[in-house]
Every structure is written in structure tokens, then in C-alpha cells.
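Enquirer: 3D model of this:
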Amino acid sequence: MLPTYRLDRPDSDDSIIIDGWSYVWAALAGPFYVMSKGKGFYLLAALMAAITLMLAIGAFLGLLIAVQLFDASVLGLAAMLISIAGAFLLNGVAGVQLVHWGYVRAGWKMGY
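Expert: Predicted coordinates:
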């Protein structure tokens, strides 16, 4: 479901693996995760900050809608949890994709 990436530096023997824990850190830290992954990722971190903000607004609106529609029912609680979990999942995927794109743009190649 969440792909693992192995990136190699063509001019050296350096390699980077972006795996499941990367999704967790990207979901929790957002732009700080992107910024910590490499020099020159500041613009990508700013983009990640905007994405995180939009996802937070979307999750907040999802919570408001769930509260208004379902009040204090089990269905309302499930809708709230899905809203929050979906925002974290999308935040993690966006962070990993931005880091992957940043490395490829910096000259790293997909591993073999």
C-alpha cells in the first residue's frame, strides 16, 4: 500500500531507503521531516507546510461536519476518527513523496 523507495547516489556508494517509518515521521512532523532530509529542501518544506495546513483545515471541517450530522453517536465517533486518520495518512504520503521527488531532483537514482 505504501511503497518503499531505495535511492542511490550515482557518483558514490551512498544509498537511502524511504520505508514505513518514514511515513510515520512525515505524518507526525510534516514540514520538519521534509526539511530534515536534505540540504536545499526548504522550498519543499514550505510546500509541505501548506499541504499540512490544508489537511488540518480539511480534518477540522470533517470533525465539524461529523459533530453536526451525528451528534454524540458511535457513527459520529467513527466519522471523526476517519477524518483524523485520513489527514495523517495523506500528510505522511505527501511528505514521503516530496522527499522522494527532492532526492530524484537532486540527482539520486532509483535503487536496483
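Enquirer: in the protein, which residue is most central in space?
Expert: The centroid of the chain falls nearest to residue 92 when counting by CA atoms, centre = their mean (2.3 Å).
Enquirer: helix, strand, or coil at that residue?
Expert: Three-state call for residue 92 (DSSP: H, G, I helix; E, B strand; the rest coil): helix.
Enquirer: which non-adjacent residue is nearest it?
Expert: Sequence neighbours aside, residue 27 is the residue nearest to residue 92 in space, at 3.3 Å (criterion: CB to CB, 6 or more residues apart in numbering). Heads up, the C-betas are built off the backbone N, CA and C, glycines and all.
Enquirer: confirm that that neighbour sits in a helix.
Expert: Yes. Assessed by three-state DSSP, residue 27 belongs to a helix.
Enquirer: where does pLDDT dip in this protein?
Expert: 112 (pLDDT under 70).
Enquirer: coming back round to it: ok, now how distant is the residue nearest to the centre of the chain from residue 107?
Expert: Separation of residue 92 from residue 107 (CB to CB, to the nearest Å) stands at 25 Å.
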